[in-house]
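Colleague: Quick one, what's the 3D model for this:
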Amino acid sequence: MMKKLLVLLLSATMVFSLAACGGDDTTDGDNQQVENNDADENNDADVSGDEEGGYTAEQEECVDAYEAMLTDYQAAIDLANATPELNQDTDLAELINEVTDAINIITDAMADPANMTDDFVGSVYDVIDNAYIIINRINVYAELLPVLSIAGIGVDEEENTYWFACSEDETVGAMIILSADQTQSVYCIGDMVCDENGVYTINDEEGYTMSMSVETVEEDGVSGLLLTLQDGTQVGMVAAMPREVIEAMLSIQENTENVNE
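Modeller: Prediction:
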C-alpha cells in the first residue's frame, strides 16, 4: 500500500502540471503544450501510513478506485495536450483546476489510513465521479472537435430542440434532440452515409441509427439548413459552432433520460 500511495502522490503532481499551464495566456507560440513534470524531487517523498497494512478492505477498495481514476485522468490530460483545439481551452482548464486541487489535497490525506473516515471515503468517490465527467468530456471533445465542421441548431413546432453537425466530407455526423420539457433526449453520433436519394443516415456505436434529408436553404439573405426526419418532421436550422453541438450532447447526456430506441 505504501508504494501505491507513493505512486498516487507522484501521479497527482503530474496531473497538477496541466492546471499550472492550462489557463496561462502568456506562453509564446500558437499552442500551449502542457508538460508533465517527472517530479524527481518527490521520488523520495515521505509517505506516512503503515507499510504492513493498516487499511481496511473498504479503504483499499477506495484507494484502488482512486488510483484507476488518476491513470485515466492523466491519459485524458495527455490527450488534451495532443489536441490543438483543446490545449488552449481556458474553460476546460478551469474545470480541471477544480478537480486537480481536490486531487492533490485528497492524495496527501490518503497516505494515512487514520484520515480515511467514512465521510472522507465518500468525498473521494465524489471526486472520482467529477473527474470522470471531465475525462469523458475531454475524450469526446478530442474525438469530435477536429472532425465536425458544419453545424446547425433549430426548434420544431412542438418546441423540441435539435442540434446537427457533420464533417466537411459528410462521413461523420451528430444529431441530438432535446424534448421541450428538457427531460428526455435522443442522440446519435457516428459514421454517416448518404444514399442515392440524398438521405443521410448516422450510425452510432450502440447500433442506433437516425436518418434525415438535409437541404441548404436561404431566407432573408441568411443561409441555413432544413432537416426532414424519417417521421416527416421538418426543422429549420441556423448556423452554429460544432462545439455547441458537442456541449449540448454532453450536457444532455449528463442531465436527461436518453430514449434512443
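Colleague: Which of the three states applies to the residue nearest the centre of the chain?
Modeller: Nearest to the centroid of the C-alpha atoms of the chain, with distances taken as C-alpha atoms, centre = their mean, sits Arg137, at 0.4 Å. Here Arg137 takes the helix state, with states given by DSSP: H, G, I helix; E, B strand; the rest coil.
Colleague: for Ala142, what are its contacts?
Modeller: The contact partners of Ala142, taken as C-beta atoms under 8 Å, 6 or more residues apart in numbering, are 79-80, 82-83, 85-86. All C-beta atoms are positioned from the backbone trio N, CA, C, and that covers glycine.
Colleague: now it: how far from Asn130?
Modeller: Ala142 sits at a distance of 19 Å from Asn130 (criterion: C-beta to C-beta, to the nearest Å).
Colleague: for Ile103, same thing?
Modeller: When distance is defined by C-beta to C-beta, Ile103 is 10 Å away from Asn130.
Colleague: on that earlier part again, from the contacts of Ala142, keep the buried residues only.
Modeller: Buried residues within the contacts of Ala142, defined by neighbour count using 16 or more other C-beta atoms under 10 Å: 79-80, 83, 86.
Colleague: Now render those as CSV, adding pLDDT and distance to Thr228.
Modeller: Below are the buried ones among the contacts of Ala142 laid out as CSV (pLDDT from 0 to 100; distance: C-beta to C-beta, whole Å):
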residue, pLDDT, distance to Thr228
Leu79, 88, 37
Ala80, 85, 37
Thr83, 87, 34
Leu86, 83, 34
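Colleague: Those residues into JSON lines, with extra columns for secondary structure and distance to Leu229?
Modeller: Rendered in JSON lines, the data for the buried ones among the contacts of Ala142 read as follows (DSSP: H, G, I helix; E, B strand; the rest coil; distance: C-beta to C-beta, whole Å):
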{"residue": "Leu79", "secondary structure": "helix", "distance to Leu229": "34"}
{"residue": "Ala80", "secondary structure": "helix", "distance to Leu229": "35"}
{"residue": "Thr83", "secondary structure": "coil", "distance to Leu229": "32"}
{"residue": "Leu86", "secondary structure": "coil", "distance to Leu229": "32"}
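Colleague: I'd like the residues you listed laid out as JSON lines, including distance to Ile153.
Modeller: Supplementary listing: those in JSON lines, determined by distance: C-beta to C-beta, whole Å:
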{"residue": "Leu79", "distance to Ile153": "27"}
{"residue": "Ala80", "distance to Ile153": "26"}
{"residue": "Thr83", "distance to Ile153": "24"}
{"residue": "Leu86", "distance to Ile153": "22"}
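Colleague: Now for those: which two are most distant?
Modeller: For the buried ones among the contacts of Ala142, the farthest-apart pair by C-beta to C-beta is Leu79 and Leu86; their separation is 8.0 Å.
Colleague: Overlap in contacts, those two.
Modeller: Joint contacts of Leu79 and Leu86 (C-beta under 8 Å, 6+ apart) are 138, 142.
Colleague: And the helices in the stretch 101-250 of the chain, which stretches?
Modeller: If you assign secondary structure with DSSP state H, counting those that start in this stretch, the helices in the stretch 101-250 of the chain sit at 118-144, 242-255.
Colleague: Could you name the helices and strands sitting against whatever helix or strand Thr100 lives in?
Modeller: Per DSSP states H and E, Thr100 falls inside helix 90-110. Here helix 90-110 is seen to pack against helix 2-22, helix 57-81, helix 118-144 when contacts are counted using 3 or more C-beta pairs under 8 Å, 6 or more residues apart in numbering; DSSP states H and E.
Colleague: Nearest to Ser185, out of these?
Modeller: Among these, the nearest to Ser185 by C-beta to C-beta is helix 118-144 (15.1 Å).
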